[in-house]
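Undergrad: attaching a predicted model along with its sequence, questions to come.
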Amino acid sequence: SGEGRGKGKAENVLRNVAFQCMVSPESLTVASGDTKKIVTVYNPYGHDIEFRFSSDKPSLLRVSKTSGTIRSRKKLQIVVEYVGVVPKEPTDPVILRVDCESADDREVRASRFVEVAVKRERERKTDGEK
């Protein structure tokens, strides 16, 4: 039937388009007392997408929603909270990974990374403090 051919063509087009996971911002800076930040995941497509958050240091970051569905042409704001101790010395940033895939076709997927820099304790003190 013509309906079946049309769906197959749409699936092929979807597979051939560079699927993107649209996330902003691409980097964050956190410090104690200023630990909650917003990361937005946007779905520009005409179909739902599934998302999943993970981190290279999961004990240091908490996200308000680790996975779910974003409806077509909608955005979702996720609260990212730094729950670790503020370091006294410079540290490597924490990497937050966002995986997205088409809800219609699990073969269509992409990932984005958000770099979370943590301000050192010394960077937060005023000049008069030691």
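TA: All right, it came through fine.

Undergrad: where are the low-confidence patches of the chain?
TA: Low-confidence segments of the chain (pLDDT under 70): 1-17, 32-35, 121-130.

Undergrad: spatially central, which residue of it would that be?
TA: Val98 (3.8 Å; Cα atoms, centre = their mean).

Undergrad: so that one is in which element?
TA: strand 94-102 (DSSP states H and E).

Undergrad: so after that strand, what's the next helix or strand?
TA: Defined by DSSP H and E, the subsequent element after strand 94-102 is strand 109-118.

Undergrad: for that next one, which helices and strands make contact with it?
TA: Judged by 3 or more Cβ pairs under 8 Å, 6 or more residues apart in numbering; DSSP states H and E, strand 109-118 is in contact with strand 22-24, strand 27-30, strand 75-82, strand 94-102. Bear in mind the C-beta positions are built from the backbone N, C-alpha and C, glycine included.

Undergrad: most tightly packed of those strands?
TA: strand 94-102 (a mean of 19; mean count of other Cβ atoms under 10 Å).

Undergrad: what does it rub up against?
TA: 14, 19-21, 23, 39, 41, 45, 47-57, 60-61, 63, 80, 82, 108-116, 118 (Cβ atoms under 8 Å, 6 or more residues apart in numbering).

Undergrad: which among these end up buried?
TA: Among these, those buried by neighbour count (16 or more other Cβ atoms under 10 Å) are 14, 19, 21, 23, 39, 41, 45, 49-51, 53, 55, 60-61, 63, 80, 82, 108, 110, 112, 114, 116, 118.

Undergrad: who's in contact with the closest residue to Val94 other than its chain neighbours?
TA: Leaving out its chain neighbours, the residue that sits closest to Val94 by Cβ to Cβ, 6 or more residues apart in numbering is Val116, at 4.3 Å. Shown in contact with Val116 (Cβ under 8 Å, 6+ apart): 27-30, 37, 61, 80, 82, 93-96.

Undergrad: now those in JSON lines, with distance to Asp104?
TA: JSON lines is the format used below for the contacts of Val116 (distance: Cβ to Cβ, whole Å):
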{"residue": "Ser27", "distance to Asp104": "31"}
{"residue": "Leu28", "distance to Asp104": "31"}
{"residue": "Thr29", "distance to Asp104": "37"}
{"residue": "Val30", "distance to Asp104": "36"}
{"residue": "Lys37", "distance to Asp104": "31"}
{"residue": "Leu61", "distance to Asp104": "30"}
{"residue": "Val80", "distance to Asp104": "28"}
{"residue": "Tyr82", "distance to Asp104": "35"}
{"residue": "Pro93", "distance to Asp104": "34"}
{"residue": "Val94", "distance to Asp104": "32"}
{"residue": "Ile95", "distance to Asp104": "29"}
{"residue": "Leu96", "distance to Asp104": "26"}
